[in-house]
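structural data only, the sequence is not supplied:
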């Protein structure tokens, strides 16, 4: 707790602790995101990379979910890595280790390869030029037959941008106009943010097409997996299950039917956040 206070400050202390202690927070996202595609037995004794692990909350949760797996967390910020190490020591996760990225466009050298790679709430915070370097590099460390999970990333073209600005339609605007509108109309204190700060905050999200095309196919063809029937059957059903953690509502039910109808008519999966599993064929 003292280390958390030193690194994250008083304003984020409770949130940071809840990240790895609250079942309805990071744990829920990881369990629903991973186990909607694969059985938990498939993760036993496997090697898992938690890319962009931050302060190690997601890595700690993965360590509890899959105690026989070998976990490697990768992060660039030294203070966050220090807190991640404290978490590892506190929970006694001897099969977990953390490594520092040399810069935002590179992975640590000699990482080896992994059965599974998890990018949980990461892609939206990378600059466009970083995505072009990092996505193929991450794909390269996935073993043949392994799976890359991209979780909790806002869908760029969802009509309402809830992650960063709280504004409708901003995902459809060109960059310069989107940044102007964010500074002028958002009520989230973005008026002094420059381009990089807005992009780091996640204003642009991502899309299924951007992620799949960014992986390339030199190291193995990326194949988008579908959730199991218990995981909702498709990504719209998965979103519906995941949104139940917040509350049951009529709007949620109406949205489900609207999203399903749109997919039937156009093939477009319109969900607020991406939860993707991509197998390396």
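Ah, there it is. These figures come from a predicted structure and were not determined experimentally. Residues are numbered from 1 along each chain as shown.

residue 163: what's it in contact with?
When contacts are counted by Cβ atoms under 8 Å, 6 or more residues apart in numbering, residue 163 is found next to 124, 154, 202-203, 205. Any C-beta I mention is one placed from the backbone N, CA and C, and that applies to glycine too.

looking at it now. What's its pLDDT?
The score at residue 163 is 96. That number is its pLDDT.

any idea which helix or strand carries it?
Assigned by DSSP states H and E, residue 163 belongs to neither a helix nor a strand.

swap in residue 74?
Assigned by DSSP H and E, residue 74 falls in strand 70-75.

run the chain-centre distance for that strand.
In terms of Cα atoms, centre = their mean, to the nearest Å, the centre of strand 70-75 is set 15 Å apart from its chain centre.

now swap in stretch 144-157 and tell me
With Cα atoms, centre = their mean, you get 7 Å for stretch 144-157.

so for it, what's the average pLDDT?
97.

just stretch 33-46 next, same as before
97.

same check on stretch 204-213?
Here the average pLDDT along stretch 204-213 is 96.

contacts for that stretch?
123-124, 128, 131, 135, 150, 153-158, 161, 163, 171, 175, 178, 222, 224, 269, 274, 276, 278.

returning to what we had before: which strands and helices sit next to the strand holding residue 74?
strand 47-51, helix 57-65, helix 78-91, strand 96-100 (3 or more Cβ pairs under 8 Å, 6 or more residues apart in numbering; DSSP states H and E).

note down every partner strand of the first one and its orientation.
Neighbouring strands of strand 47-51 in its sheet, by DSSP bridges, are strand 70-75 (parallel), strand 114-120 (parallel).

all helices of this protein, in order?
Secondary structure of the chain by DSSP state H: the helices cover 2-8, 13-21, 26-35, 57-65, 78-91, 128-140, 175-185, 195-201, 208-215, 235-243, 250-266.

dump these to JSON lines, plus distance to residue 99 and mean neighbour count.
As requested, these are arranged in JSON lines below (distance: least, Cβ to Cβ, whole Å; neighbours: other Cβ atoms under 10 Å):
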{"stretch": "helix 2-8", "distance to residue 99": "18", "mean neighbour count": "15"}
{"stretch": "helix 13-21", "distance to residue 99": "19", "mean neighbour count": "16"}
{"stretch": "helix 26-35", "distance to residue 99": "20", "mean neighbour count": "20"}
{"stretch": "helix 57-65", "distance to residue 99": "11", "mean neighbour count": "24"}
{"stretch": "helix 78-91", "distance to residue 99": "8", "mean neighbour count": "18"}
{"stretch": "helix 128-140", "distance to residue 99": "14", "mean neighbour count": "17"}
{"stretch": "helix 175-185", "distance to residue 99": "33", "mean neighbour count": "15"}
{"stretch": "helix 195-201", "distance to residue 99": "22", "mean neighbour count": "15"}
{"stretch": "helix 208-215", "distance to residue 99": "22", "mean neighbour count": "17"}
{"stretch": "helix 235-243", "distance to residue 99": "30", "mean neighbour count": "21"}
{"stretch": "helix 250-266", "distance to residue 99": "39", "mean neighbour count": "12"}
